[in-house]
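Q: Can you look at this prediction? I've put the sequence above it.
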Amino acid sequence: MMQLALTVNSPEWDKPQFRQVAGGFKVPKGSTCVVSIYFLHRDKDVFPDPEKFDPDRFLPENSVKIPEYGYIPFFAGPRNCIGQKFAIMETKTIVSSILRNYTIESLDSRNKVLPQMQVTLYPSIPIRVRIRPRRI
Ligand code: HEM
């Protein structure tokens, strides 16, 4: 959750009870604005068929089409994630070590395991997986 910095840039809205935030939305002064990264990353205009697993979306030639703030898993601006680079390196190291040695298969279909919003995103049921050693 993030409280957006509020700015004033319209005489009409330059009243103590209102402030304008990015995008031209008028919100009462003191409001807490929440940016849902989950829904932002499912914007069909930016990510067609958003639930489809499609790593090609992030190929250099495709990622140039994603707007500057269209993909912000670590948020953006002065309060973005300080662990971003570490998290990416850690994830690549661990996931590639596992996938080089094991095949992982979900035992439940995607429509059975639903996203549950808490402070972070959780699966609605425990995810059951089958892990098999890869034959090299
Ligand atoms: C995949 C892993 C991670 C994701 C997706 C992630 C995502 C985020 C996001 C979205 C925020 C902004 C929250 C907000 O504005 O309300 C944030 C902030 C933060 N993250 Fe991460 N993070 C990850 C890993 C890490 C790691 C590994 C560390 C530390 C080693 C870390 C430390 C922090 C800190 C200290 C903040 C607060 C920064 C501030 O408020 O100035 N994060 N993270």
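A: Okay, I see it. Being a predicted model, the structure only gives us computed values, none of them experimental.
Q: all contacts plus neighbour counts: C-alpha atoms, from now on.
A: Noted.
Q: for stretch 58-76, the distance to its chain's centre please.
A: 11 Å (Cα atoms, centre = their mean, to the nearest Å).
Q: So what touches that stretch?
A: Residues outside stretch 58-76 that contact it (Cα atoms under 8 Å, 6 or more residues apart in numbering): 37, 40-41, 46, 56-57, 80-81, 84.
Q: again, only using 6 Å
A: Outside stretch 58-76, the residues that touch it by Cα atoms under 6 Å, 6 or more residues apart in numbering are residue 81.
Q: likewise stretch 117-125?
A: Applying Cα under 6 Å, 6+ apart, the contact partners of stretch 117-125 are 113-116.
Q: So what are the sheet partners of whichever strand or helix holds residue 131 and their directions?
A: If you go by DSSP states H and E, residue 131 is part of strand 129-133. Here strand 129-133 is paired, per DSSP bridges, with strand 102-106 (antiparallel).
Q: Show the pLDDT at residue 37.
A: Residue 37 carries a pLDDT value of 91.
Q: next structured bit after the lowest-mean-pLDDT helix or strand in the chain?
A: Ranked by mean pLDDT, DSSP states H and E, the weakest helix or strand in the chain is strand 18-21, scoring a mean of 62. Toward the C-terminal end, the helix or strand that comes next after strand 18-21 (DSSP H and E) is strand 25-28.
Q: Would you quantify the distance from residue 91 to residue 130?
A: Distance, residue 91 to residue 130, by Cα to Cα, to the nearest Å: 20 Å.
Q: now do residue 26
A: Taking Cα to Cα, one finds residue 26 at 50 Å from residue 130.
Q: Distance from the longest helix anywhere in the chain to the middle of the chain?
A: Ranked by residue count under DSSP state H, the longest helix found in the chain is helix 84-101. Chain-centre distance of helix 84-101: 18 Å, with Cα atoms, centre = their mean.
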